[in-house]
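Visitor: Got a predicted structure plus its sequence, pasted below:
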Amino acid sequence: MTRIASFNINGIKARLPRLIEWLEETKPDIACLQEVKSQDEGFPADAFEKIGYGAIWHGQKSFNGVAILARDTQPEEVQRGLPHLVPEDAEDVQARYLEANVNGLRVATIYLPNGNPLPGPKFDYKLQWMKRLRAHAKSIWTEEVPTVLAGDYNVIPRPTDIWSDKAMLEDALRRPESIAAYRRMLGDGWTDALERHYPGGGIWTYWDFQSGAWQQDRGFRIDHLLLDPLAADRLIACGVDKEHRGREKPSDHAPTWIELSD
């Protein structure tokens, strides 16, 4: 069995004790991290090596940043950043995508743009980024390797993926354009693991730090693991490590995970 997890850590230096604690308690075989908020030279690879994790990372000062950790092995980097679809994409220097081979699996960690405020350039960037992700995901498909695209997608796919179906209707996370772009990937044949296992929704991965959202369980689901058919056939379990959101100085996200049969 292989456990693959996604965790938006919201600042790896600030949350390192919580991250190490989670890794040691749950022992994911692969951990996809987002919002690392660290330059490459400041990434704490030694801390992970001490507990048996190899790491690769794609950093950026103060913002964004993604990483892949693998237990008892070293991830083999395949792709850093998304390929360009139009010349303007070459101007994108944000650290939001990293892809690797780990023990016969292809795994990507994704920090999809938020898109707010809208309308405007940030929302346009989000939609273009989603087009690039979809195109690249199709190219991975042709390699016929079991693939998991894990991360913070900043998309709330269904009304049942948020505590109130009226909340955030004008937010970029729930705009019809964002949801349609996400659904197009599912239409290509990718499986949303949590949606398959929790068809009725009601399972959250994020709780805002403001307005007592955690205390009132006013959360929503924006952390997704998308599986190609080869990986989806091996899916045996998935869930959210919600309890870790309630610990001291946590991230505003909870780790989200799947288990694949060998």
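Guide: Arrived safely.

Visitor: Not counting stretch 82-93 itself, show me its contacts.
Guide: Residues from elsewhere that reach stretch 82-93, judged by CB atoms under 8 Å, 6 or more residues apart in numbering: 60, 81, 96-97, 125, 128-129, 131-133, 135-136, 139. For every residue, glycine as well, the C-beta is placed using N, CA and C.

Visitor: Tell me which entries of those lie within strands.
Guide: If you go by DSSP state E, the contacts of stretch 82-93 have Y97 in strands.

Visitor: Among the contacts of stretch 82-93, which are located in helices?
Guide: Judged by DSSP state H, the subset of the contacts of stretch 82-93 located in helices is 125, 128-129, 131-133, 135-136, 139.

Visitor: any chance of those in TSV, with distance to A67, pLDDT and neighbour count too?
Guide: Below are the ones in helices among the contacts of stretch 82-93 laid out as TSV (distance: CB to CB, whole Å; pLDDT from 0 to 100; neighbours: other CB atoms under 10 Å):
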residue	distance to A67	pLDDT	neighbour count
Y125	22	97	17
Q128	24	97	17
W129	19	98	24
K131	24	98	15
R132	20	97	18
L133	18	98	23
A135	24	97	13
H136	19	98	19
S139	23	96	10
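
Visitor: Show me the strands in the stretch 1-150 of the chain, by range?
Guide: Under the criterion DSSP state E, counting those that start in this stretch, the stretch 1-150 of the chain carries strands at the ranges 2-8, 30-34, 53-58, 66-71, 76-80, 97-102, 105-111, 147-152.

Visitor: In terms of secondary structure, what does the second one contact?
Guide: Using 3 or more CB pairs under 8 Å, 6 or more residues apart in numbering; DSSP states H and E as the contact criterion, the neighbours of strand 30-34 among helices and strands are strand 2-8, strand 66-71, strand 105-111, strand 147-152.

Visitor: Look through this structure and report the residue furthest from the middle.
Guide: Centroid-distance maximum for the chain: P87 at 26.3 Å, with CA atoms, centre = their mean.

Visitor: which non-adjacent residue is nearest the most centrally placed residue in the chain?
Guide: Centroid-nearest residue in the chain, with CA atoms, centre = their mean: G151, separated by 0.7 Å. Using CB to CB, 6 or more residues apart in numbering and skipping residues adjacent in sequence, the residue nearest G151 is I110, 3.1 Å away.

Visitor: now the one you found: how far from F209?
Guide: Plainly put, I110 is 22 Å away from F209 if you go by CB to CB, to the nearest Å.

Visitor: who's more crowded, these two?
Guide: The neighbour comparison of I110 against F209 (other CB atoms under 10 Å) goes to I110, with 26 against 11.

Visitor: so the more buried one bridges to which residues?
Guide: Beta-bridge partners recorded for I110 (DSSP bridges): Y97, G151.

Visitor: From here on, call the first residue 281.
Guide: Got it, first residue is 281 now, which makes that one I390.

Visitor: Next one: it from L413, what distance?
Guide: In this view, I390 and L413 are 7 Å apart by CB to CB.

Visitor: Quick check: neighbours shared by those two?
Guide: The contact lists of I390 and L413 share 377, 429, where a contact means CB under 8 Å, 6+ apart.

Visitor: Count the residues that sit near the closest residue to L413 other than its chain neighbours.
Guide: Counting by CB to CB, 6+ apart, L413 lies nearest to L362, which is 6.2 Å off, once chain neighbours are set aside. Neighbour count of L362, defined by other CB under 10 Å: 20.

Visitor: What's the separation between L362 and A417?
Guide: Distance, L362 to A417, by CB to CB: 10 Å.

Visitor: which neighbours do those two share?
Guide: By CB under 8 Å, 6+ apart, L362 and A417 have no common neighbours.

Visitor: ok, back up a step: export the helices and strands packed on strand 310-314 to TSV and tack on mean pLDDT and distance to Y478?
Guide: Output for these, formatted as TSV (pLDDT from 0 to 100; distance: least, CB to CB, whole Å):
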stretch	mean pLDDT	distance to Y478
strand 282-288	98	16
strand 346-351	98	25
strand 385-391	98	20
strand 427-432	98	17
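
Visitor: Perfect, that will be all.
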